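# what's the 3D shape of this:
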Amino acid sequence: MMNDGNTTLDALKEQVHQLCLRKGWGVEGVQNPQHVAMAMTVEMSELLEHFQWLNPDDVDALMAGRDPERVALIAEEFADVMMYGLQLARTLGIDITGQVLRKIDIVDHRPPKSYNPRR
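Sure thing, here's the model as predicted:
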């Protein structure tokens, strides 16, 4: 069974591409990247709905594993966002690992900002 520990990003990109081919989405399984990026925002909004009115105790429950039903709903929406992201990366030739590491380096070199997670 494929999981985070044994699956490369390339393999996951290919799984999403095969889904697009099976469903007849796009030309040869490649959808318009502009449309994919816009669809990501729709899916992200659906993901955010699961957090919209949570209070700090609700968030603590999520993080402590005390609300598995909500986590399952969040996971499904997160998968939608990631699938669009993987499509976008595959179509535009984006090396996800390289770009994440590049961004980590950029953030590491920014001056620190004050942050209050309970605001």
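# how about residue 16, what does it touch?
83, 86, 87, 90 (C-beta atoms under 8 Å, 6 or more residues apart in numbering). Backbone N, C-alpha and C define where each C-beta goes, glycine included.
# Show me which of these is closest to residue 51.
Of all the contacts of residue 16, residue 51 sits closest to residue 83, with 19.9 Å by C-beta to C-beta.
# And residue 81, how far from residue 44?
6 Å (C-beta to C-beta, to the nearest Å).
# Between these two, tell me which one has more neighbours.
residue 81 (18 against 15; other C-beta atoms under 10 Å).
# which one's the longest helix in the chain?
helix 68-92 (DSSP state H).
# quick one: low-confidence ranges for the protein?
Under the criterion pLDDT under 70, the flagged ranges of the chain are 117-119.
# which residues sit in contact with the residue minimising distance to the centre of it?
A centroid search over the chain (C-alpha atoms, centre = their mean) returns residue 82, at 3.3 Å, as the residue closest to the centre. Listed by C-beta under 8 Å, 6+ apart, residue 82 has no contact partners.
# picking that back up, which among the contacts of residue 16 gets closest to residue 11?
Using C-beta to C-beta, the contacts of residue 16 come closest to residue 11 at residue 86, 10.4 Å.
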